[in-house]
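Asks: Sharing a model prediction with you, sequence too.
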Amino acid sequence: MSVELLQLGSTAIGVKTKEGVVLAVEKRITSPLLEPSSVEKIMEIDDHIGCAMSGLIADARTLVEHARVETQNHRFSYGEPMTVESTTQALCDLALRFGEGDEESMSRPFGVSLLIAGHDENGPSLYYTDPSGTFWQCNAKAIGSGSEGADSSLQEQFNKDLSLSEAETIAVSILKQVMEEKVTPNNVDIAKVAPAYHLYTPQEVEAVISRL
Amino acid sequence: MFLIGFLYLASQSVKKIIEINPYMLGTMAGGAADCQFWHRNLGIKCRLHELANKRRISVSGASKLLANMLYSYRGMGLSVGTMIAGWDETGPGLYYVDNEGGRLKGDRFSVGSGSPYAYGVLDSGYKFDMSVEEASELARRSIYHATFRDGASGGVASVYHVGPNGWTKLSGDDVGELHYHYYPVPPAIAEQVMEEAAAE
């Protein structure tokens, strides 16, 4: 059932390039009274890791909080940033703790999938996680309601030598294809990890949209 | 605004100013391991605060976190006498925090065994609107005078400045050399004559 929930979640796209990783999400503002800046679907985990979410956003907050604590504890214990793969693994370790049995288990699985974008000693990387607790490393991936169409467009348009700005343009143009509303700086969020995490301001998002 | 902190060590080369994050520093007095560990722990808490609230923690908040943590270990033998110095939205901030859980806000503090000597120099020379150069010279001189009189103080007088863009290290002088800088030895007459003769 959680996998079906994901098909209803808002679309998120990640594209990895040699210069870094780009994440773009559809905010899905359901009412003009809703404050767009309060809808946070891309969050920072550490200086060098960010994540985009799709599905039950509240569940994602728990996972992001856990990842933040894990990365800081790693810095404290080892004096260096945690690798992106270890962070993703730490997140996925939580995913299967449901069912009956001991007190620490949850009553249901997490209903969210994540795109983890990061940069470590192995260069830029993008991981995709789902409620089963499996994760895959990807060059480009789309999750959420528009993911099927978006994934096939990504396959056509992706190549390994994309620049960061080309990746931005591709991510946002594919979002435009699968989104019902028109793309504006208020209903789309973009972030990059190149090599540090940065969430785009509305002006920077406007600059990307104007290139489409 | 400036820092003064020093302690007796078996090694003269231990870093007594701990970098909590790029805009906050902590000084070390008491037990070195306790100070180092709890400052690093404070660094984690400050970073998690930043991530959750999307803004830097205030100096007041950071020092409160440390003071509350130390209070919970009260009576268990921790030895920490530290100053947390930083810059936040309200400007510069300086707090004294110790292992009893005490926390004080102030414009100037001196911590450690030589602190009474340092306070004498510090208090007489201090003005709130002194320049960075004047303040750093006052700090250096205060430490020097403490190391001169207190047998348990010595080593290197490091001076750091914490400003709106973070901290920078201004100087690190061996106090033995500082002594001759403040109190140069006038050359003896025989030496003077020899110098003049060599110059001709």
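Replies: Yep, it's here.

Asks: Please count neighbours and contacts with C-alpha atoms only from this point.
Replies: Fine.

Asks: Which single residue in chain A comes nearest to chain B?
Replies: Relative to chain B, the nearest point of chain A is residue A:72 (5.9 Å; CA to the nearest CA).

Asks: Does that residue touch residue B:46 like I think?
Replies: No. Using CA atoms under 8 Å, residue A:72 makes no contact with residue B:46, being 10.2 Å away.

Asks: mind checking which helix or strand the residue positioned nearest the centre of chain A is in?
Replies: Nearest to the geometric centre of chain A sits residue A:52, at 2.0 Å (CA atoms, centre = their mean). Following DSSP states H and E, one finds residue A:52 within strand A:49-55.

Asks: How about residues contacting that strand?
Replies: Strand A:49-55 is contacted by residues A:5-12, A:23-25, A:41-45, A:60, A:84, A:111-119, A:143-144, A:192-193, A:196-197 when judged by CA atoms under 8 Å, 6 or more residues apart in numbering or on different chains.

Asks: Longest helix in the chain, please.
Replies: With no chain named, the answer covers chain A. Longest helix of chain A, by residue count under DSSP state H: helix A:57-78.

Asks: looking at chain B here, not the other one
Replies: Longest helix in chain B, counting residues (DSSP H): helix B:32-53.

Asks: outside of that helix, which residues touch it?
Replies: Helix B:32-53 is touched from outside by A:44-46, A:68-69, A:72-73, A:76, B:18, B:20-21, B:26, B:28-29, B:55-57, B:62, B:65-66, B:78-82, with contacts defined as CA under 8 Å, 6+ apart.

Asks: hey, C-alpha coordinates of it in PDB?
Replies: Presented in PDB, the C-alpha positions along helix B:32-53 are these (Å, rounded to 0.1, in the frame of the first residue of the first chain):
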ATOM      1  CA  ALA B  32      41.600  19.600  28.600                       C
ATOM      2  CA  ALA B  33      39.700  16.400  27.700                       C
ATOM      3  CA  ASP B  34      36.500  17.600  29.200                       C
ATOM      4  CA  CYS B  35      36.700  21.000  27.500                       C
ATOM      5  CA  GLN B  36      37.600  19.500  24.100                       C
ATOM      6  CA  PHE B  37      34.900  16.900  24.300                       C
ATOM      7  CA  TRP B  38      32.100  19.100  25.400                       C
ATOM      8  CA  HIS B  39      33.000  21.900  23.000                       C
ATOM      9  CA  ARG B  40      32.900  19.400  20.100                       C
ATOM     10  CA  ASN B  41      29.600  18.100  21.400                       C
ATOM     11  CA  LEU B  42      28.300  21.700  21.500                       C
ATOM     12  CA  GLY B  43      29.400  22.000  17.900                       C
ATOM     13  CA  ILE B  44      27.100  19.100  17.000                       C
ATOM     14  CA  LYS B  45      24.100  20.600  18.800                       C
ATOM     15  CA  CYS B  46      24.700  24.000  17.200                       C
ATOM     16  CA  ARG B  47      24.800  22.400  13.700                       C
ATOM     17  CA  LEU B  48      21.600  20.400  14.300                       C
ATOM     18  CA  HIS B  49      20.000  23.700  15.500                       C
ATOM     19  CA  GLU B  50      21.000  25.400  12.300                       C
ATOM     20  CA  LEU B  51      19.600  22.600  10.200                       C
ATOM     21  CA  ALA B  52      16.300  22.500  12.000                       C
ATOM     22  CA  ASN B  53      15.800  26.200  12.300                       C
END
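
Asks: how many degrees apart are it and helix A:57-78 in direction?
Replies: Here the directions of helix B:32-53 and helix A:57-78 differ by 160 degrees (axes from the mean of the first three to the mean of the last three CA atoms, to 10 degrees).

Asks: Would you mind checking the average pLDDT for helix B:32-53?
Replies: On average, the pLDDT along helix B:32-53 is 92.

Asks: before we move on, what about stretch B:85-97?
Replies: Taken as a whole, stretch B:85-97 has a mean pLDDT of 93.

Asks: and if you look at stretch A:39-57?
Replies: Mean pLDDT, computed over stretch A:39-57, is 95.

Asks: Point out the residues in chain A that sit beside chain B.
Replies: Counting by CA under 8 Å from any CA of the partner chain, chain A comes close to chain B at A:44, A:45, A:46, A:68, A:69, A:72, A:73, A:76.

Asks: any idea which of those residues has the most stuff around it?
Replies: When neighbours are counted by other CA atoms under 10 Å in any protein chain shown, residue A:45 leads those with 27 neighbours.

Asks: would you say it is within a strand?
Replies: Yes. Under DSSP: H, G, I helix; E, B strand; the rest coil, residue A:45 sits within a strand.

Asks: OK, contacts around it?
Replies: Residue A:45 touches A:51, A:64, A:65, A:67, A:68, A:71, B:51, counting by CA under 8 Å, 6+ apart.

Asks: Stretch B:151-165 spans what distance, first to last residue?
Replies: Stretch B:151-165 stretches 37 Å from its first residue to its last (CA to CA, to the nearest Å).

Asks: Show me what counts as buried in it.
Replies: By neighbour count on 16 or more other CA atoms under 10 Å in any protein chain shown, the buried set for stretch B:151-165 is B:153, B:154, B:155, B:156, B:157, B:158, B:159, B:160, B:161, B:162, B:163.

Asks: do you know how far the one residue in chain B that gets nearest to chain A is from residue A:2?
Replies: Closest residue of chain B to chain A, CA to the nearest CA: residue B:44 (5.9 Å). Distance, residue B:44 to residue A:2, using CA to CA: 34 Å.

Asks: Please say which of the two ends up with more neighbours.
Replies: Neighbours were counted for residue B:44 and for residue A:2 using other CA under 10 Å; residue B:44 has more, 20 against 17.

Asks: Below-threshold pLDDT in chain A: ranges please.
Replies: In the predicted model of chain A, residues A:99-104 satisfy pLDDT under 70.

Asks: can you do 90?
Replies: Applying pLDDT under 90 to chain A picks out residues A:1-8, A:30, A:77-79, A:93-110, A:131-132, A:146, A:180-181, A:212.
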